[in-house]
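Q: I need the structure of the sequence given here:
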Amino acid sequence: MKAYNKNREALSCLTPEQYRVTQQGGTERPFSNAYWDNKAPGLYVDVVSGEPLFASVDKYDSGSGWPSFVKPVDASSVIERPDASYGMVQTEVRSAYGDSHLGHVFSDGPQEAGGLRYCINSAALRFVHLDELESEGYSEFRKLFAEKGE
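A: Numbers count the residues shown, from 1 in each chain. Next up, the predicted model:
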């Protein structure tokens with residue numbers, strides 16, 4: 001298993017928006033971000049650490065304007081913590097190794113898939129297409145797609 005951590009080189013390459021979202025807890029605009037309507041098969045990884053976070057097989061259109069997933073690829077890949085910003089109590093989602101702010105998790109997701117909606121900022125993610133999993137070092141995650149018939 002590959003070791004993941006907050007990569008200083010990756011941090012220095014972030015766009016201002018990626019830095020604002022991942023390092024300062026920002027939120028990008030809905031419906032105008034890279035992955036809200038991405039339907040390609042693949043893996044979404046932390047833009048800072050490269051750690052695998054979400055798979056397209058668990059992505060759905062929540063109508064929110066942000067990429068939404070029913071679960072992470074591994075529960076230990078994300079950390080959930082209370083967030084009282086913006087005058088409401090929410091549950092923030094951060095990457096376990098990169099410590100990047102990813103977004104929030106809500107309990108209004110598809111009930112048949114567990115009822116959760118991981119509402120994630122595209123700026124916190126890098127998409128690795130299914131055809132590039134091996135060349136990018138994520139071959140162990142191909143099984144997620146085989147299980148769903150992709």
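
Q: C-alpha only now, for contacts and for neighbours.
A: OK.

Q: quick one: low-confidence ranges for this protein?
A: 1, 86, 147-150 (pLDDT under 70).

Q: please, where are all the helices along it?
A: Along the chain, the stretches classed as helices by DSSP state H are 8-12, 16-24, 142-147.

Q: give the buried residues for stretch 109-116.
A: Within stretch 109-116, the residues that count as buried by 16 or more other Cα atoms under 10 Å are 109, 116.

Q: and if you look at stretch 59-72?
A: 59-60, 62, 65-72.

Q: if we can go back for a sec, most neighbours per residue, which of the helices of the chain?
A: Greatest average neighbour count among the helices of the chain goes to helix 16-24 (a mean of 18), per mean count of other Cα atoms under 10 Å.

Q: what's that helix packed up against?
A: strand 101-106 (3 or more Cα pairs under 8 Å, 6 or more residues apart in numbering; DSSP states H and E).

Q: quick one: distance of the strand it packs on to the chain centre.
A: 9 Å (Cα atoms, centre = their mean, to the nearest Å).

Q: who does it pair up with?
A: strand 90-95 (antiparallel), strand 117-120 (antiparallel) (DSSP bridges).

Q: using CSV, write out the CA atom coordinates for the last one.
A: Extracted in CSV, the C-alpha atoms of strand 117-120 (Å, rounded to 0.1, in the frame of the first residue of the first chain):
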residue,chain,number,x,y,z
ARG,A,117,-24.3,12.6,0.6
TYR,A,118,-20.7,13.5,0.5
CYS,A,119,-20.8,17.0,-1.1
ILE,A,120,-17.2,17.6,-2.3
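
Q: correct me, but Ala10 touches Gly50?
A: No: using Cα atoms under 8 Å, Ala10 is not in contact with Gly50; the gap is 9.2 Å.

Q: quick one: the residue of the chain positioned farthest from its centre from Tyr19, how far?
A: Taking Cα atoms, centre = their mean, the residue of the chain most remote from its mean C-alpha position is Gly87, at 24.1 Å. Using Cα to Cα, to the nearest Å, Gly87 is found at 23 Å from Tyr19.
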